[in-house]
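Asks: only the shape, not the letters, is given here:
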Ligand SMILES: CC(C)(O)CC(=O)SCCNC(=O)CCNC(=O)[C@H](O)C(C)(C)COP(=O)(O)OP(=O)(O)OC[C@H]1O[C@@H](n2cnc3c(N)ncnc32)[C@H](O)[C@@H]1OP(=O)(O)O
């Protein structure tokens, strides 16, 4: 295992590459369709920590393989756990690291995003899917229910009717249906997936990082608080950005008809 602070890093189950101001994280357990075991989650979290600490990274893309973003929690690793094991370990808690990343995160999903794979993608800020992507929460077929936020985030994304349909039947939803339902932001050809996700991430990373971070935090408030509280939070964040050099630069550049040079400060 090498450190994730350099331009590239190779772990046993995760690959990391720095592409300009974007951190590209690739889940890499191809033989198990990127099933999410404890090691993969630990390595993913290590890379996310490094991306957060790196001032030259302004956005993160998480992807998998063409066949699978991730086929869920590793069932073989999980199957013999007891209630005592899962409650004492707080099984799944380490998966939530991604929800505390303050920089924008895009999930680039091709192939299967099932169970914990779908839940991991939904923890990102938005999903770009390939036309081969298949989403689902099939935990009911294993005698359990989603445990990494699926009942909550899927319902907020697609509404009660479709969430109930997917979670209670365990069926898969293709990319077109996922886009219509509002789960994914856009669908692109499979061959272009990573390039399109990187393009979107590079654009985001070219803007002022404090603006992007506060935009993300403000949108997330919409899921956690009342409209009045959310609007109040947004107003404070908007006002706070007038304390940044980037606000001065962005508005001066507009008035002077030139591209802005953001310093992320
Ligand atoms: C996080 C929580 C709490 O919400 C819980 C969960 O995530 S539970 C897991 C939910 N996911 C699933 O139930 C999906 C399980 N996988 C499948 O249904 C199928 O593998 C498939 C439809 C994704 C793909 O089918 P197919 O193309 O026929 O490939 P397979 O031969 O089935 O799989 C290839 C290889 O990968 C292994 N595999 C696949 N998924 C998992 C998994 N979730 N955990 C562990 N291993 C997985 C599969 O066993 C095969 O390996 P071998 O057995 O051949 O070595």
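Replies: Ah, there it is. The structure presented is a predicted model; accordingly, all values stated were derived computationally and were not measured.

Asks: only C-alpha atoms from now on, for both contacts and neighbour counts.
Replies: Noted.

Asks: what's the end-to-end length of stretch 180-199?
Replies: 23 Å (C-alpha to C-alpha, to the nearest Å).

Asks: can you list the buried residues in that stretch?
Replies: Residues 181, 183-184, 186-188, 190, 193-194, 196-198 are the ones in stretch 180-199 that count as buried (16 or more other C-alpha atoms under 10 Å).

Asks: just the helices in the stretch 151-265 of the chain please.
Replies: Assigned by DSSP state H, counting those that start in this stretch, the stretch 151-265 of the chain shows helices spanning 160-169, 175-181, 193-206, 209-221, 227-240, 245-255.

Asks: got the buried residues of stretch 180-199 as a markdown table, with pLDDT columns?
Replies: A markdown table is the format used below for the buried residues of stretch 180-199 (pLDDT from 0 to 100):
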| residue | pLDDT |
| --- | --- |
| 181 | 98 |
| 183 | 98 |
| 184 | 98 |
| 186 | 98 |
| 187 | 98 |
| 188 | 98 |
| 190 | 98 |
| 193 | 98 |
| 194 | 98 |
| 196 | 98 |
| 197 | 98 |
| 198 | 98 |
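
Asks: spell out which parts of the protein neighbour the ligand.
Replies: 31-33, 35, 71-76, 112, 114-116, 138-139, 146-148 (C-alpha under 6 Å from any ligand atom).

Asks: of those residues, grab the buried ones for PyMOL.
Replies: To isolate the buried ones among the residues of the chain next to the ligand in PyMOL, judged by 16+ other C-alpha under 10 Å, type:
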select buried, resi 33+35+71+72+73+74+112+114+115+116+138+139+146+147+148
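
Asks: on that earlier part again, any chance of TSV for the helices of the stretch 151-265 of the chain, columns distance to residue 66?
Replies: Putting these into TSV (distance: least, C-alpha to C-alpha, whole Å) gives the following:
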stretch	distance to residue 66
helix 160-169	23
helix 175-181	14
helix 193-206	9
helix 209-221	28
helix 227-240	38
helix 245-255	38
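
Asks: quickly compare these and say which is most buried.
Replies: Highest mean neighbour count of those: helix 193-206, a mean of 20 (counted as mean count of other C-alpha atoms under 10 Å).
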